[in-house]
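Novice: Sequence plus the predicted model coming up.
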Amino acid sequence: MKRISYLFSLLFLMTFVVFTSCKDDEPVVEQETEQDRKARQLAGTWNVTNVSRPGVNGNAIEGETVTLTFTEEGTYSATNADVMPGETPAFPSGNSWAWPNTTSTNSIVITPGNVNFNALNVSATSLSFSYTTQDAKSQGADATVTVTASKQQ
C-alpha cells in the first residue's frame with residue numbers, strides 16, 4: 001500500500017511539474033527602429049514647395065509642380081521641373097532609395113546615380129534635405145541644393 005501511495009504521489013508531482021513548467025510562448029515583438037519609423041514617415045507623395053540653388057534668387061521652381069514619391073520598400077520617383085537646356089534638373093532621377101548604413105537616419109542614397117539626400121528631416125507632414133550636384137549655373141562646380149516639401153493628403 002505504501003508503494004501505491006508513493007507511486008501516486010510521484011505521479012502527481014511529475015504531472016504538477018510538467019504542467020507548471022509549460023507556459024505559452026510569448027510572441028516576439030520586433031522593436032521598431034528609427035529607420036523603420038522614418039521610412040514610414042517618408043512613404044508617400046510630397047509636393048516640393050521650395051528649392052534653393054546657387055545662382056537662383058528665391059524659389060528655383062516658382063510656378064512649377066514638382067513631386068517626389070517614396071515607398072517604405074525603397075522605391076523613389078520624381079517629376080522634374082522644366083529646365084533650360086544645359087541646366088541640371090531640380091531633382092536627380094532614380095528608381096530606388098536606401099539608407100547608407102544600418103544606423104543612419106539623416107541621409108538616404110538615391111540610385112542609380114548614388115545621390116545622397118543629406119540633412120534629411122522628415123515628419124508626418126514635412127520633408128527637407130539637401131544634396132550636392134554639378135550645375136551649369138555654377139560653371140560645373142559642385143552646388144548644394146536645398147529642398148523643402150509637404151506631404152500630399
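Specialist: Alright, I've got the coordinates.
Novice: for the chain, which spans come out with low pLDDT?
Specialist: 1-25, 81-91, 135-140 (pLDDT under 70).
Novice: could you pull out the strands for it?
Specialist: Here the chain has its strands, by DSSP state E, at 44-52, 67-70, 76-78, 96-98, 108-111, 115-122, 126-134, 142-151.
Novice: Now tabulate those in a markdown table and tack on mean neighbour count.
Specialist: The way it works is simple: take the backbone N, C-alpha and C, and place the C-beta from them, glycine included. Compiled in a markdown table, the strands of the chain are given as follows (neighbours: other Cβ atoms under 10 Å):
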| stretch | mean neighbour count |
| --- | --- |
| strand 44-52 | 17 |
| strand 67-70 | 18 |
| strand 76-78 | 19 |
| strand 96-98 | 17 |
| strand 108-111 | 20 |
| strand 115-122 | 17 |
| strand 126-134 | 17 |
| strand 142-151 | 17 |
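Novice: any chance of the ones you listed in a markdown table, with distance to residue 27 too?
Specialist: A markdown table is the format used below for these (distance: least, Cβ to Cβ, whole Å):
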| stretch | distance to residue 27 |
| --- | --- |
| strand 44-52 | 29 |
| strand 67-70 | 30 |
| strand 76-78 | 33 |
| strand 96-98 | 29 |
| strand 108-111 | 31 |
| strand 115-122 | 30 |
| strand 126-134 | 34 |
| strand 142-151 | 33 |
